[in-house]
Structure formats: C-alpha cells, structure tokens
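J.: when you get a sec, could you give me coordinates for this:
(2 chains)
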Amino acid sequence: MSQQYESMWRELGLDLTAHDALLKVLAQGYHDIFLSQANRPTGMDYFNFVVSEVHGLRIQELMDAKRQGRKVVGSYCVFVPEEIVLAADGVCVGLCAGADFATDEVEKLLPRNTCALIKSAFGFKLGKVCPYLEAADMIVGENTCDGKKKSYELLGPLVKNLYVMDLPQVKSEKGREVLRSEYWRFKEEMELLSGVKIDAERLKKGIDAVNAKREAVHRLSRLRNSDPAPISGLDSLLINQIYFYDDPARFTSSVHKLCDEIEERIAARNGVFPEGAPRILLSGCPMAVPNWKLPWIIESSGAVIVGEESCIGERGTRNLVETTSESIEGMIEALVDRYFDINCAIYTPNPGRLDDIKAMKSEYGADGVIHYGLQFCQPYQIESIPVEKTLEQMSVPTLRVDTDYSMEDVGQLKTRIEAFIERIK
Amino acid sequence: MVVTGIDVGSRAIKIVQMDSSTLSVVNMKKTETTFNPKEQILKVMDGLNSDVYISTGYGRKLVQDVCGCEAITEILAHATGAKSLFPEANSVLDIGGQDTKAISLEKNGQVGKFEMNDRCAAGTGKFLEFMATSFQIPIEKFGDFALKGQPGLAINSMCTVFAESEATSLMAKGIPSEDIALALHLSVVKRSLSMLRRVSDVGPFVFSGGVAKNRCVVKMLEDELKSSVFVDEFPEMVGALGAATFAIYKFQGTRKNIAK
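T.: Have a look, this model is predicted:
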C-alpha cells in the first residue's frame, strides 16, 4: 500500500522508514499466522482486506471524516463509551498497543518493569508509526491500573490533546457516582471538541450503533460453542481487535455475513479443527492488535480457542445498553449501568470475573483455561492465582502464563502449552 | 518390537530403547547436544534399529524433522518415566540443563498441574554448571564439594550473574568456598521447592534430570521435604525412558505400570 498513501502518512508526521519496516513485519506476521490457516470461512476475506488497509484506506476514511468536520477520538480502554463519541458525530478508534516498538526510547521515559501494553502505546508514539494516534483530535486516557494512570502523566506532553477519564475502583454507589459524573463530563468535552450538542436523538443513534456491533460479536461468540470449531480463535480474536477501529455499521454487517456462513458450516459439520480438538478458554489481560503471540502458539499446537474472557473479547463487549429511556439523563444512566458492570481487574474485589470465566467455560465447552497475564500487570497477575486455584478445585485444568510481546520465550511457552494440551486431551 | 525414546535436552541427547514384549530397557545412549544438535541427533541415531521412535525435550521438533516420529513434551515424558520407575510416586521434580519442571501426577499416572521456569535459567543445571566453573571444580564433583561446607550462609540472588558476584564478594570476605558452594546449592533447592509446592506437596517425590546426580541437591531436598526422594540410577535418562514407555503405552493402548 506504500506508494498511494505516502503523502497522507507524511502529512500525519509519521516516520516513513520506520513505518515501512513496521508494515513489512505486520504483513509477514499476518501471512504466517492468519493467511496460512486452513479452510478459513470466506467471510474472513473482508477482515483480511481491513487488515491489509489498516494504515491505508481506513486512515484515508478518518482523514475524509476530519475534512467534513468530524472529530477522531482515540482510546486505550473499553470503559471509554464509544456511544458518546458517535453521538457527537465523532469517530472512535482503539489505539495500537500490541507490539514492541522503539523500546530504547520508551525506556528513557518509563521504568523497564512497565507492562508491554503501556510501553507499546508509548513506543508507537515515540516511534511515530501509528497513524491513528496522529490522526486523533483527542486521545482519551483513563485511570485504570497504576501503570496506566501514572504513564498518562508522561504521555500528556507528547500528544496534542490528552483527556483523562477517572474510573471507579469499587462497585459501590460511590463508585457508580464516579462513573456517572465522568460520563457527563465526557459528554460535555465531546460537545466542546465537536461543536455538536448531544441530544437524546443523537445519543440514541450512538447507542443503537454500538449495541448492533455488540450483538454481532455476541452472535459470533455463541456460534463458537460448536464442535468441530467453525472458526479459529485467531480469526475470532482478530475480529474482536478490528471491532475497535472499523466503521461500526460496516463491521456489524460483515460479522453477520460471516455468521451466516458459519451457521451453514456448522450444519455441514465443516470445521477449521478436527472434531474433538482440545478446546481452550483464554482469560486475562487484553490482547491489543497486533498481539497474536499466545493464541498463535496455542492453535499451532493443535488446540482451538473457543472464547476470550478479555477486554478484546467478551469482557469488553458483554451486555447491551438498555434502550428503554427516551431522555438524555435516562440514556446516560443506561450507559453507566452497562459499563459499570464490566468485570475489570481494576475493581476490588472483582468476583464477577470469576463467575464470567466459569460461565464461559461451560457455555463454550472448554476443556481447560489458559490465564494470560502480561508481565508487570499487577491487577490480572494477582487475580490469576485465585482464578487458577478455584478452577483447579472444580477440576478445570488451568495454566497460568505470564509473558510479554517479545519472542524470546516462545520455545518455553510452546513446551508448557503443548504439555497443557497433552494434559486435557 | 523395539521402541526408542529420544530426549534432546539443552546439554545432552539421551536415548533409551525398550523391548515392548519384555518391557525391559535394551539399550541406553547419551551424547552432548553441542551447538549443532541436528548433526548430533543424526550421529547418535545412526545404526539404531527401532520399530517406533518418540522424541521429547526442547529439540523434539528437530528429531521429528529427521525421522518423522511423534513428539511429546518433556513434561509428559518425565511424568511417564517417573511413574514407570516408581509407580507410587505423586510428584516429580525434574531439573535439567536449562529447565526446571515440577509436575503433580494424577492417580492414573497422567500429568496434573505443572510448573516450569519461563525464561530464566536460574536454579537449573546451567546455574550450577556456571558456578562450578567459577569455582574451578568439575560439575560432577561440585555437589560433594558443597557437602563439606558449613550451613548457615545464604545466597539471596537467584540471577546467575548476580549470584556469581555475590559468591565472589563472599570469597573476598574470606568465607570458605565449600560454605559458599553449599549456599548456592541451597538457593537452587529453595527455588525448585517453591515451584514444586505450587503444584503439589504430596509425596512420594521423584527427582529426575541431570541435577539429580548431585548428591548435595538430593540431600537438601530430602531435608527440606522431610521425606526421602526417589532418584533413579540414571536420573538424566528418565525423559528418554518416559518417551519409550509412552510409545509402548500407545501401541498397547494401556497405561499399566512397567518395571524397568
């Protein structure tokens, strides 16, 4: 895609040499990990296209939207309500944080023992290789873990417009009030940024668009309980990653089209893995694009991933926003209700997450659970121990994996995962 | 039928051949892995006669490339080997050249929970080898040397590089090198035990892998566990034995205990 978009990338201030190198690695990785899978549904062609144009056509669309006066908002977290961005006629995109980049530069700003996700967000900025970040009119940070909230203090001066949203840490009335007031504040900020007054009609449209997107991925999730697995975990993860940056309506219809095909496949018992292949539920830290390392190791070892209890997955997309209210106050309240229920490890205590894992395990017929922790991610690493203990007590084989984005531990991970698969076979 | 288990570890390639009708070991071979494992595999397999091969160890995929056999992980291999040698075993600790594994065994001999060091070789055979070199003592004699030391000293760092500098500064203080060696062994034992206790603290325990030849590590493990520990005469061969045993199970479709 290089030639035709070069002037756009230049205009955005990207480092073209580094960006070219990144695209080359991505294309190679995508080929080796995704395109080489056997018997993929043809509905994946759309998503292949989206990935091939991830820094091209999609950025072109964002630039066109900006020329029409629409605002682009970048976010790093599933607590940022896309509905409000859409209601202000904005475009909401998830920002890249799934690969190591410019690590030397990053480690001048952040301690080495910072999680890979945070380092990656900085690396994409410092390396000047993320067109989404550069195209964003506002970047929304959020006070989730200590690592993120403290690092936003350092990211602020590096980007043109960082807005930080406060988030509750406890599921109490007081906590709910924090989220409520923060969503009202965010609504006002979006109005200020866009010059659009968010009324009930606009917010309703935003809610409907995101609900429709969620319903589509819920449908896909349900279809994954079939054996033989009609779609790989890698492809499903990819769809969940694309969820964050594609045009919502186009994404929704593409997922439904894929689901239609998957239903036919299920009826014909046509799977991407043999019937009876070991089934894994992944649970833990978010896997931001293009972080495909662990799912790739799991699926290339012969097991299929049937669900992701993750921000990039069901934790992020679970539950719809209630649409019974016609008033703006009622709709914001419905947003608060939906988002407050996200079972993120930033809450203390967070028993709902364990319930979700158990429910997903039985719903998707998983034989075992792999807990994915990013090194130095305290909230999820600390939760991983009771999660493992509880599941093992229920005779659910569980493997805890702590890793990062580097490839140095792939050999050892492969051994552990193969042994885990041997155990559940 | 003759079955062959090949365990390609970081330090050595081990081969165990068994007769599936008598269930006895008919041949054992061992060679260095070196920096050219593929060539070493070809060399050590040259002239072997076998009906079935099963590979294991970190180089298991290389063996697959060479002979197209099935591969199993070293975790399954050590569990199978340990259970075949000591049917009453409940837990296995394997300390090899670059990996430490702790495995809890199910009643039927299958692998239960397990742990493995992820990216650092601290507390493995490599750590002891590195330290033995800096003490200028052959690795085979390092355990006996340490057993002469007085207990009471602690090495706090588990990083190989930091532990060496800690040992060096203790030497500079005039502390007898046997005492330091003993403390280094203790640090390996403590680290392995914390891994073992995360998966199982139920004996009987089997200790396998090359480090199980070190008498000092065995003794300290027994002291800490307050229990005796099963160690085979050839503990470094347990993985290869497990792979060969697995081949027999696979073709007999059973999982009965096999005496050596």
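
J.: could you pull out the helices for the stretch 251-400 of chain A?
T.: A:293-300, A:314-317, A:328-340, A:351-363, A:378-393 (DSSP state H, counting those that start in this stretch).

J.: okay, these in JSON lines with distance to residue B:236 next?
T.: (Glycine included, C-beta is placed from N, CA and C.) JSON lines is the format used below for the helices of the stretch 251-400 of chain A (distance: least, Cβ to Cβ, whole Å):
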{"stretch": "helix A:293-300", "distance to residue B:236": "28"}
{"stretch": "helix A:314-317", "distance to residue B:236": "45"}
{"stretch": "helix A:328-340", "distance to residue B:236": "56"}
{"stretch": "helix A:351-363", "distance to residue B:236": "39"}
{"stretch": "helix A:378-393", "distance to residue B:236": "31"}
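
J.: for those helices, could you give me TSV that also reports mean pLDDT and distance to chain B?
T.: Formatted as TSV, those follow (pLDDT from 0 to 100; distance: least, Cβ to the nearest Cβ, whole Å):
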stretch	mean pLDDT	distance to chain B
helix A:293-300	98	12
helix A:314-317	98	25
helix A:328-340	98	35
helix A:351-363	98	17
helix A:378-393	97	6
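
J.: between these, which one is closest to residue A:401.
T.: With Cβ to Cβ as the criterion, residue A:401 lies closest to helix A:293-300 of the helices of the stretch 251-400 of chain A, at 6.6 Å.

J.: by contact count, what packs against the closest one?
T.: Identification of packing neighbours for helix A:293-300 by 3 or more Cβ pairs under 8 Å, 6 or more residues apart in numbering or on different chains; DSSP states H and E yields helix A:233-242, strand A:279-284, strand A:304-309, strand A:368-374, strand A:398-403, helix A:410-424.

J.: just the CA atoms of that helix, as CSV, please.
T.: Output of helix A:293-300 as CSV, limited to C-alpha atoms (Å, rounded to 0.1, in the frame of the first residue of the first chain):
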residue,chain,number,x,y,z
LYS,A,293,1.6,-14.5,20.1
LEU,A,294,-0.1,-16.7,22.6
PRO,A,295,-3.2,-17.6,20.5
TRP,A,296,-0.9,-18.5,17.7
ILE,A,297,1.2,-20.8,19.9
ILE,A,298,-2.0,-22.4,21.3
GLU,A,299,-3.6,-23.0,17.9
SER,A,300,-0.5,-24.1,16.2
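
J.: show me the contact partners of that helix.
T.: A:33, A:37, A:232-234, A:237, A:280, A:282, A:287, A:305, A:370, A:372, A:401, A:403, A:405, A:407, A:410, A:413-414, A:417 (Cβ atoms under 8 Å, 6 or more residues apart in numbering or on different chains).

J.: burial check on the closest residue to chain B within the stretch 101-250 of chain A, number of neighbours?
T.: Closest to chain B within the stretch 101-250 of chain A is residue A:116: 13.5 Å, counting by Cβ to the nearest Cβ. Look at residue A:116: counted by other Cβ atoms under 10 Å in any protein chain shown, it has 24 neighbours.

J.: in the helix or strand residue A:66 falls within, what's buried?
T.: Counting by DSSP states H and E, the element that carries residue A:66 is helix A:57-67. Buried residues in helix A:57-67, counted by 16 or more other Cβ atoms under 10 Å in any protein chain shown: A:58, A:59, A:62, A:63, A:65.

J.: can you report how many residues neighbour the nearest residue to residue A:378 once chain neighbours are set aside?
T.: By the measure of Cβ to Cβ, 6 or more residues apart in numbering or on different chains, the closest residue to residue A:378 outside its immediate chain neighbours is residue A:145, 6.8 Å from it. Using other Cβ under 10 Å, residue A:145 has 20 neighbouring residues.

J.: which residues touch residue A:145?
T.: Residue A:145 is in contact with A:346, A:377, A:378, A:379, counting by Cβ under 8 Å, 6+ apart.

J.: ok, now residue A:383?
T.: A:345, A:350, A:353.

J.: number of nearby residues for whatever residue of the stretch 151-260 of chain B ends up closest to chain A?
T.: Chain A sits closest to residue B:198 of the stretch 151-260 of chain B, with a gap of 9.3 Å, by Cβ to the nearest Cβ. Residues lying near residue B:198 (other Cβ under 10 Å) number 16.

J.: over to residue A:269?
T.: The local packing of residue A:269 (other Cβ under 10 Å) involves 11 other residues.

J.: right, and it touches residue A:228 too?
T.: Yes. Using Cβ atoms under 8 Å, residue A:269 is in contact with residue A:228, at 6.5 Å.

J.: now the common contact residues for the two.
T.: With contacts taken as Cβ under 8 Å, 6+ apart, residue A:269 and residue A:228 have residue A:275 as neighbours in common.

J.: would you mind listing where chain A has pLDDT under the threshold?
T.: A:1-2 (pLDDT under 70).

J.: how about residue A:165: what's its closest non-neighbour residue?
T.: Leaving aside its chain neighbours, residue A:165 sits nearest to residue A:142 (4.5 Å; criterion: Cβ to Cβ, 6+ apart).

J.: which phi and psi does that neighbour have?
T.: Per-residue torsions, residue A:142: phi -150, psi 150 (degrees, to the nearest 10).

J.: so what are the domain limits for chain B?
T.: Following automatic domain parsing, one finds the domains of chain B at B:1-86+B:233-260, B:89-231.

J.: would you turn these into TSV with mean pLDDT?
T.: Shown next, in TSV, are those (pLDDT from 0 to 100):
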stretch	mean pLDDT
domain B:1-86+B:233-260	90
domain B:89-231	92
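
J.: deepest-packed of the ones you listed, please.
T.: Comparing these by mean neighbour count (mean count of other Cβ atoms under 10 Å in any protein chain shown), domain B:1-86+B:233-260 ranks first with a mean of 20.

J.: sorry, back to before: between helix A:378-393 and the helix or strand where the residue of the stretch 151-260 of chain B closest to chain A lies, find me the angle.
T.: According to DSSP H and E, residue B:198 maps onto helix B:177-199. Counting by axes from the mean of the first three to the mean of the last three Cα atoms, to 10 degrees, helix B:177-199 points 70 degrees away from the direction of helix A:378-393.

J.: I'd like to know which elements the very next helix or strand once past helix B:177-199 is packed against.
T.: Using DSSP H and E, the next helix or strand after helix B:177-199 towards the C-terminus is strand B:205-208. Secondary-structure packing of strand B:205-208 (3+ Cβ pairs under 8 Å, 6+ apart): helix B:74-85, strand B:91-95, helix B:215-225, strand B:229-230, helix B:238-252.

J.: what's the separation between the nearest residue to residue B:242 once chain neighbours are set aside and residue A:347?
T.: The spatially closest residue to residue B:242, leaving aside those adjacent along the chain, is residue B:81, at 2.9 Å (Cβ to Cβ, 6+ apart). According to Cβ to Cβ, to the nearest Å, residue B:81 and residue A:347 sit 45 Å apart.
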